[in-house]
Each structure stands twice: as structure tokens, then as C-alpha cells.
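Colleague: Below is the sequence, then the predicted model.
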Amino acid sequence: MNKLKLAVTGCMGRMGKQIIKNAIKDKSIKLVTLTENKLIKKKISGIQPELNTEDAFNKSNVIIDFSIPKCTFEVLKIASKLKKRVVIGTTGFTKVEEKLIKKYSKKIPILKAGNMSLGINLLMYLTEITSASLGKNYLSKVFEVHHKHKKDHPSGTALMLGKGIAIGKNKDFYKIEGKKYLNKKDFPYGEKINFNSIRRGEIIGEHKVSFSSGKEIITLNHEAYDRTLYSEGAIMAAKWLISKKPGLYSMRNLLNFK
């Protein structure tokens, strides 16, 4: 059986390091390329990290990208030229950038997810169902907690859940996106979807979607205790994507949630 030849961007980041660990243990994967946005002198698992270049990615057939939006578009530009598949776990994209990713997906297969865990993607599915079932008499909000090193807020997962609420209401998320709070003890429900992000300690990830009618509160919740949830999901996505045609996919497609 031919091994999947994998490239990992952002190899010095938390997720990059974890994906490398998982990839090395997987006998169906050959780790061929590691990249960073600056030159790294030391080898990692016997591989010399490189910058995002055609030579670096030409060795691979799937690229897993957990970096920053600027680097993601460097990767997509090269991957599009080389016809390489890309799994995107990077978060913090603007509406314009989201459209640009969709444009690239017409040329190459891309799987993009704000969160790679099965549990979170099930939570997204349940959020859509709940939002659709409760209707306009229920207001909503999204709460998330991450480690103090996480720079973006709300998290990509929180925004993904907000989009789940919007899908349930059959509305454009960007038109009902509300206020974004940071480190608030409490924050209000609203006609628009409000977000509150807490950054503290080394917490891996907590997400909560709440709906309130004023008479009752319905809460959907997920807590992650092990970062391997995400790296295992990313590798699962890479294996799944290898057989796909150009298009923009999500973990929902992989998990076959209807």
C-alpha cells in the first residue's frame, strides 16, 4: 500500500508538533515536509524544516495547515499550482478570506474545519438542529475558554458554532453576528449572536452554546481534555481527502452527518 506523503505547516506550533507525533506513529503515513514562516536550524524527527515553497510541498500529496491566515494563503497559492490537497485547521479568517478559500477549492480538494474533533462537529450538528427547532422566541450566545497563549478570539470553533445557530435560523451569519467580549464574567443574550472568550492557564478548550426564552435556558456543551483529539482528526481528514475531487469539504462531510 502506498503511504500518504504528508507535509505539515506551522511545525513549531502546538498543533504542528502534535500532528508530527501522531503522523510518525501512523504506519500508513510518510512525513516528508515540515515548514515554518522562518528558518529553523535544527531538524525535527529527522526532517529539516523549510519555508513554504514549491520545492518543499512538491514531495507531498497532502498538506495539513495549522498556522496563521497569511501563511495559509501562501500554502494555498503553491498547493493550487502543484495540485496538492490541503487540510486547513487555521482559524481567524475574514469573510473575504473565506470566499478566497472557496475559490481555491475549485482547483484543489480542501477540507477546512474550525475544529477537527468528532465531538465538536457533533455539537455543531446539534446546534443547527436546536436553533431550527426553537425558533425566533429564543435568544442565543456562545461562550468559549482556551489557554492563555491563544491569540485569536472568538475561537474558530466558537465562530463555527455561531454559524450553526445562523444555519438553524436560515440567516446569514455575518448579518446576525453580535458583540465579541474578552474575559467577561457574564455577557448578554441578544437578537444577534454574542460571544465571550476567556483566555487563562493551559486549558485546551471549552465551548458552550446557550439558548434562552427568558423562561428557560437550553445549553449544549463540549470540553476537550487532550490535544490529540484535534491532531487525530486532522490526520483522519488528510486520509479522507486523498480520494476526493476539487471542492470545499468539512469534517461534517467526513463524518457523514446529514
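Modeller: That came in fine, so what should we check first?
Colleague: Which helix or strand lies directly C-terminal to the helix or strand hosting residue 231?
Modeller: Taking DSSP states H and E as the criterion, residue 231 maps to helix 228-241. Counting by DSSP H and E, the next helix or strand C-terminal to helix 228-241 is strand 247-249.
Colleague: quick one: buried residues of the following helix or strand past that following strand?
Modeller: Toward the C-terminus, strand 247-249 is succeeded by helix 251-255 as the next helix or strand (DSSP H and E). Neighbour counts over helix 251-255 (16 or more other C-beta atoms under 10 Å) mark 251, 253-254 as buried. Bear in mind the C-beta positions are built from the backbone N, C-alpha and C, glycine included.
Colleague: Next: stretch 67-78.
Modeller: 67-69, 71-76, 78.
Colleague: separation between residue 213 and residue 140?
Modeller: From residue 213 across to residue 140, the span is 11 Å (C-beta to C-beta, to the nearest Å).
Colleague: out of those two, which sits in the more crowded spot?
Modeller: residue 140 (28 against 13; other C-beta atoms under 10 Å).
Colleague: any residues touching stretch 62-76, and which ones?
Modeller: 4-10, 13, 15-16, 19, 33, 37, 52, 57, 79, 84-90, 92-94, 97, 100-101, 104, 110, 234-235, 237-238, 241-242 (C-beta atoms under 8 Å, 6 or more residues apart in numbering).
Colleague: From the opening residue of that stretch to its closing one, how far?
Modeller: 12 Å (C-alpha to C-alpha, to the nearest Å).
Colleague: shaky segments in the protein?
Modeller: Under the criterion pLDDT under 70, the flagged ranges of the chain are 1, 258.
Colleague: quick one: the strands in it?
Modeller: Per DSSP state E, the chain carries strands over the ranges 4-8, 29-34, 62-65, 85-88, 109-112, 139-146, 177-182, 193-199, 205-212, 217-224, 247-249.
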